[in-house]
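>>> Sequence and computational prediction follow.
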Amino acid sequence: MERRNFFKILSTASAGAVATSCGTSTDALIPLLVPEQDLIPGVEYWHPSVCTACPSGCGVLARVMDGERIIERISVERSTAGKTEKLRQRLAAIKKLEGNPLDHVSGGRLCARGQASVQSLYNPDRLRGPMKRSGVRGEATFQPISWKQAIAEASDQLLKIKAEAADRIAIVTGPGANTRTLALRGFAKAIGAPEPVVCSVASWAAERKAAELALNWQGLPFYDVTNARHILSVGADFLGGWISPVHYARQFGAFRQARTEIRGYLAHAESRLSITASAADQWLPLKPGSEAQFLAAVGRILLDLNLAPKASSVPAGVLAAFRGFDLAALIAATGIDERRLRQAVEQLGRSEGPLVLAGASSIHTNSVDAIIASHCVNMMLGNIGAPGGILPPAKAAIEPLTNPRFAEALSQARAIILDEANPLYTAPKSAHIKEALTKAGFVLSFATTLDDSAAWADLILPAHHSLEGELAVAPSTASRVSLAVGGAFVQPLYETQAVPATLAALAAGMNVTFQPATAKEIAEPLLPKDLPWETVVREGGFHADPGLPSVPAPKSKPAAKAVSSPATFSVNPAKFEGDGPFLLQPYLSPQLHDGSLSNLPWLQECPDPASSAVWSLPVEIDPVTAQKLGIASGDNVKLESATGSITVPAYIHPGAVPGVLSMALGGGHQHFGRYASGRGANPLEILALAHEPATGDLATGATRVRLTRIGPGKDLIQYSAEDKEERPHAHR
Ligand code: SF4
């Protein structure tokens, strides 16, 4: 779409938005979203907003058109009073989401999850209004309650607990940085509660911590993939679920194809044939948890071959540590053939634009060490702060919450507030989240759909969908100060409320002063004088660029307090809990992410890239192991750790690393609407309670399991034709 046409469309859309906000409520049950007379059949309007299906913060455009729905209500006409009647309503409906071409994160693209956000808006299982528990806690029986009564009861409960132990009010949320996060942080401060904690397997705490320890940077580093020539990525599935997949996929496209006579080369080291590994020129199948040893070996070989032009910028103690490592032992630990590894390092070192991109798609007990090692290697290659290298994060327009110790916070809690967090699903059974939810004095949830944890709430005060309210989101990674914004352009479908407004009402009920900041209030101090708020709203956000004055500039060089001692990272092997012969490796599903999107049928129907499974996620088993245990694709198998077991369908993956059982997240919800409840199994459930020590984050890749064939199963439904020839289980 050309910029000029884009603005034309947005001007029209703005007019539509004004009309929307003037709409009158003509129906007693559910108000019309737009007065009928303002809807022009067949005319589309495009409004900017933000995707919140993950914390990346992709700017989107929503296509709004006239639509209709059938509602049922009790008749009040004298002749038919008391009877149920059906009414046809016209309304403004969001038909489609696309990437916002002006947005620097999405650049006009979206992933499947972003596309499916429209389905979460119209999901039939959305809660229609506040709900109060009517049975025993955890039984998931609720009855409707008015907002007035719900706020009064919740305020009362919170006030009582605040008076006795405000420090035991646990606010648990997701890893985003947005208006909602800011409101939760402000509310916690106002009532004297601890700062909210993050409940997610995708908080990227290891990446943040490593950048802080090695480079003195606050936030997630920005990898300039576009301008690199040769990338060695380690443990980061940056084209799959790592940090900002749409943004890095766009950059990867430019890395490969945007330059004449340069085609970027990608070598990828990971213990799974992920999407990134599949797209790489070379895949180095690492042993799980050996990333630190691998990167230490990379640094050592570069030094040995004199391919580290900026070795002098690395602190002497760290260089000495690299030179002192036992190279043979390091290489043996990785499981990679020495000749292959040496070749890969030499190719990297001889490139004119080398970049090492490391992360923790699977979190190990030594992930921070591994990522620090990658920063040290980048230092010796001279690409810290350089084009095509690793750039410092921009000042965050909204500071993210970063404490991932949610299980610890919940174990002490007298009152629990859940927002965009499902700890009962995210934490292993051994974290005893159910016990914490049982013993808390009061549990409050802002869930939009009844999920596993909201089922344990005393009160649910459902939030608006992100497309129904005003929102500002700071992208998870950016090299410039950025904010994506979305205004309210359709009226809420149900009796829900924006979380900041709910928190303000709760604070008022508790006689506490608290006023959440609006998107405008957050953005205006960051805007250059010649960039009015109205333009920001019309374009869907802003991204400072070098041409815009008065925007805080990111640091261009690593701080002086960079790596200062050899002890900054170690090459100790990762720890694994349990005594099974296999390592369990749960990973973020490209479709269902961390399981928070499993209630969307479009995504359940979207084939899994590894197995082409739909509506079910299997465990990936290598062919040698499968043959030894007599397992075929489609069989049901049992995965058993020291803390529990799950039954899942098997998929024999020719690219699976022997001894490693990988499984995407998304299945195994007890409560999550009609499309997800009771479907599949959750590998997180049987994880050992192991943590990455520097961050306290759950180590998702630290569990040993046993694998047993149960027998033929019916749950593996695949899309592909090839597999159909191998075995007659279900196919599309
Ligand atoms: S990466 Fe996908 S899910 Fe995440 S914000 Fe972007 S479009 Fe949404």
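Now that the structure is in, tell me what you want to look at.
>>> ok, Ile161 to the ligand distance?
Per C-beta to the nearest ligand atom, to the nearest Å, Ile161 is found 35 Å from the ligand. Just so you know, the C-beta spots here come from the backbone N, C-alpha and C atoms, and that holds for glycine as well.
>>> Show me how far whatever helix or strand that residue lives in is from its chain's centre.
Assessed by DSSP states H and E, Ile161 sits inside helix 147-165. On the basis of C-alpha atoms, centre = their mean, to the nearest Å, helix 147-165 sits 31 Å off its chain's mean C-alpha point.
>>> So which other helices or strands are in contact with that helix?
strand 169-173, strand 415-418, strand 442-445, strand 459-460, helix 499-509 (3 or more C-beta pairs under 8 Å, 6 or more residues apart in numbering; DSSP states H and E).
>>> Identify the residues contacting it?
When contacts are defined by C-beta atoms under 8 Å, 6 or more residues apart in numbering, helix 147-165 is touched by residues 129-130, 132, 145, 168-169, 191-193, 414-415, 441-442, 444, 458-459, 461, 495, 497, 502, 505-506, 508-511.
>>> how close does the residue of the chain positioned farthest from its centre get to Glu85?
Computed with C-alpha atoms, centre = their mean, the residue of the chain farthest from its C-alpha average is Ser79, at 53.6 Å. Per C-beta to C-beta, to the nearest Å, Ser79 is found 11 Å from Glu85.
>>> and if you look at Leu506?
According to C-beta to C-beta, Leu506 and Glu85 sit 37 Å apart.
>>> circling back to that earlier point, any chance of the helices and strands packed on helix 147-165 in TSV, plus mean neighbour count?
Converted to TSV, these look like this (neighbours: other C-beta atoms under 10 Å):
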stretch	mean neighbour count
strand 169-173	26
strand 415-418	26
strand 442-445	24
strand 459-460	24
helix 499-509	21
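>>> nearest to Pro609, of these?
Smallest distance to Pro609 across the helices and strands packed on helix 147-165 (C-beta to C-beta): 29.2 Å, for strand 169-173.
>>> now for the closest one, which elements pack on it?
Strand 169-173 packs on helix 147-165, helix 179-191, strand 197-198, helix 406-412, strand 415-418, going by 3+ C-beta pairs under 8 Å, 6+ apart.
>>> tell me the most buried of these?
Neighbour counts (mean count of other C-beta atoms under 10 Å) averaged over each of those peak at strand 415-418, with a mean of 26.
>>> Remind me what it packs against, helices and strands.
helix 147-165, strand 169-173, strand 442-445.
>>> Name the residue of the stretch 151-300 of the chain that lies nearest to the ligand.
Closest residue of the stretch 151-300 of the chain to the ligand, C-beta to the nearest ligand atom: Val246 (4.1 Å).
>>> Now tell me what touches the helix or strand hosting that residue from outside.
Applying DSSP H and E as the criterion places Val246 in helix 245-257. Contact partners of helix 245-257, identified using C-beta under 8 Å, 6+ apart, comprise 56, 58, 99, 105-107, 109-111, 114, 223-226, 228, 231, 238-239, 242, 263-264, 266, 279, 475, 477, 590.
>>> could you redo the last one with a cut-off of 6 Å?
Residues lying outside helix 245-257 but in contact with it, judged by C-beta atoms under 6 Å, 6 or more residues apart in numbering, are Cys58, Val105, Ser106, Gly107, Arg109, Cys111, Val225, Thr226, Phe238, Leu239, Arg263, Gly264.
>>> Go through that helix and flag the buried ones.
Pro245, Val246, His247, Tyr248, Ala249, Arg250, Gln251, Phe252, Phe255, Arg256 (16 or more other C-beta atoms under 10 Å).
>>> Likewise for stretch 303-312?
Buried residues in stretch 303-312, counted by 16+ other C-beta under 10 Å: Leu303, Leu307, Ala308, Ala311.
>>> Which of these fall in helices?
If you go by DSSP state H, the buried residues of stretch 303-312 have Leu303 in helices.
>>> farthest pair in the buried residues of stretch 303-312?
Largest separation among those by C-beta to C-beta: Leu307 and Ala311, giving 9.4 Å.
>>> circling back: quick one: average confidence on the helix holding Ile161?
The average pLDDT within helix 147-165 is 98.
>>> measure whichever residue of the stretch 551-700 of the chain sits closest to the ligand to Pro400 for me?
Here the stretch 551-700 of the chain gets closest to the ligand at one residue, His593, 6.9 Å apart by C-beta to the nearest ligand atom. Per C-beta to C-beta, His593 is found 17 Å from Pro400.
>>> ditto for Gly713
Using C-beta to C-beta, one gets 41 Å for the distance from Gly713 to Pro400.
>>> Show me which residues of the stretch 201-350 of the chain are close to the ligand?
With C-beta under 6 Å from any ligand atom as the criterion, the stretch 201-350 of the chain meets the ligand at residues Pro245, Val246.
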